[in-house]
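[1] Provided below are the primary sequence and the corresponding predicted coordinates.
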Amino acid sequence: MGEIVAAMATVHAPQLFTRPPEEDPTQLDASIAAMRKLGRLLDETKPDVLVIFASDHMETFFLQSVPTFCIVAGDRAHASFAGKDWDLPIHKPFAEALLEGLVRRDFDMCYSQDASMGHSFAAPFEWVVEGRDIAVVPVFINTYLPPLPTPARCAALGKAIAEIAATRPERVALLASGGMSHYPGTWKYYKPAFDFDHWCIGELKNGHSESFLRLTPEQLDEVGNTEMLPWAPVLGAVEPQHMELLSYEQTAHHGHAVAIFHPGAPRDPLPRQPFTFHNHPYHFYDHPSVSAYKLNKLLYDSRYKPNLRLRMFEDIDAVAAEYALAPEDVAALRETFRFRHINSGKPALDADPLVNRGAHPVGALMAVHVLQQEERKFHRAEEELAAPGTRR
């Protein structure tokens, strides 16, 4: 009979790859070192398959299709980010068993045989799997495009996966890929709810997973933690459990956490502690407006088409005309392309004009992150040409 031999969680921040100048490299290195400890846990437990629960940052599905839960059930797991590609084997028999078993357990599953994944999968591929001969099964959890599943529903998914695993011969490891408090693309990006992070860490350390699993998507939205939804199926699959925190880094905009979940209750646990939500009337991530679809499409395409990015730098009006953007959208793009904040220590603010026009905050920030990388390259090239003694 199969069994779950490891349960883990990790951060996947894009800055781990791109390492922009405003980041503290010691914090990035600490997160990567902790992720590599998860890899060593794989060496110890020797799983046949690693199931990775992660999110989509409007990279894989965009707005043509937004599944609540999706399993990648092809031959290979492809991921691309920051100029690097990954290609891992998928454990197809286990993936197909999950699809069949979950649908029979009343989960309306989506599946893909050739989805191209982004940095939420690339980070564990790079620093947890790290070349090990382990087949994976990628599972998407919708975290940024409401309506979102509840933590309880995600935990029920994990419990069902554990039931299916118990009928199979494979040794199974589970990994959640998702950061703690951060608000990518919103006005609160540089004001994370670290108080929630510390409360949640304390509850999970003391075996009180229900404190997290009873929350609503609206509460997670308030504290910048919708990206913790991939943690919920791991918690639901291994119940009861308590968390061992390997690393927690409070960056300027993000709580980076890496952890292992051990089965059973902890010794001498502290009692449950409450957390006070403000229940504010606004959301950071809403259902995207159809009126902003064309702007969102341009931002999405710009992340994957280098020639399109180059043309945006050369003639933004021509590109805007191709995408039939409204004049107000073009004005927002022009403001973003001034890159006022690129060297301010808060470069994410350059996405604000686009978000104010209705662009999805995550899609806008990820697009601006790539555009800023291009701007830095252009700037370096100009400096090199202008340097004394440079050959022209």
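    Great, that's in hand. Numbering: from 1, shown residues only.

[2] quick one: the most centrally placed residue in the chain and Tyr190, what's the gap?
    Closest to where the C-alpha atoms of the chain average out (C-alpha atoms, centre = their mean) is Ser120, at 4.2 Å. Here Ser120 is placed at a distance of 21 Å from Tyr190 (C-beta to C-beta, to the nearest Å). Yep, even glycine has a C-beta here, placed from its N, CA and C like the rest.

[3] do the same with Asn279
    Computed as C-beta to C-beta, the Asn279 to Tyr190 distance reads 23 Å.

[4] Who has more neighbours out of these two?
    Higher neighbour count among Asn279 and Tyr190: Tyr190, with 16 against 9, using other C-beta atoms under 10 Å.

[5] isn't the more buried one right next to Thr251, touching?
    No - distance between Tyr190 and Thr251: 9.9 Å, which falls outside the contact criterion (C-beta atoms under 8 Å).

[6] confidence score at the residue nearest to the centre of the chain?
    pLDDT recorded at Ser120 is 97.

[7] what does Gln64 give?
    pLDDT at Gln64 comes out at 86.

[8] Next, the contact list for it, please.
    Going by C-beta atoms under 8 Å, 6 or more residues apart in numbering, Gln64 touches no other residue.

[9] Tell me if it really is in a strand.
    No - per DSSP: H, G, I helix; E, B strand; the rest coil, Gln64 lies outside any strand segment and is coil.

[10] residues of stretch 99-107 that come out buried?
    Residues of stretch 99-107 classed as buried by neighbour count (16 or more other C-beta atoms under 10 Å): Leu99, Gly101, Leu102, Phe107.

[11] what sits up against it?
    With C-beta under 8 Å, 6+ apart as the test, stretch 99-107 has contacts from Phe69, Ile71, Ala73, Met109, Tyr111, Leu157, Ala160, Ile161, Glu163, Ile164, Thr167.

[12] how does it look with 7 Å?
    Phe69, Ile71, Ala73, Met109, Tyr111, Leu157, Ala160, Ile164 (C-beta atoms under 7 Å, 6 or more residues apart in numbering).

[13] Can you flag which of these belong to strands?
    Phe69, Ile71, Tyr111 (DSSP state E).

[14] Of the residues you listed, which is the nearest to Glu130?
    Set against Glu130, the nearest of those by C-beta to C-beta is Ile71 (23.1 Å).

[15] follow-up on the earlier one: over to the residue nearest to the centre of the chain. Which of the three states is it?
    helix.

[16] From what I see, it and Ile52 are in contact.
    No - counting by C-beta atoms under 7 Å, Ser120 stays clear of Ile52, with 8.7 Å between them.

[17] Distance check, Arg76 against Pro93.
    Look at Arg76 and Pro93: by C-beta to C-beta, they are 15 Å apart.

[18] Check Lys294 too.
    Applying C-beta to C-beta to Lys294 and Pro93 gives a distance of 42 Å.

[19] do Pro263 as well
    Distance from Pro263 to Pro93, by C-beta to C-beta: 25 Å.

[20] who has more neighbours, these two?
    Higher neighbour count among Pro263 and Pro93: Pro93, with 15 against 11, using other C-beta under 10 Å.

[21] Which neighbouring elements make contact with the helix of greatest length in the chain?
    Longest helix in the chain, counting residues (DSSP state H): helix 361-386. Using 3 or more C-beta pairs under 7 Å, 6 or more residues apart in numbering; DSSP states H and E as the contact test, the elements touching helix 361-386 are helix 293-304, helix 306-314, helix 352-356.

[22] any idea which of the ones you listed is most buried?
    Neighbour counts (mean count of other C-beta atoms under 10 Å) averaged over each of the helices and strands packed on helix 361-386 peak at helix 352-356, with a mean of 21.
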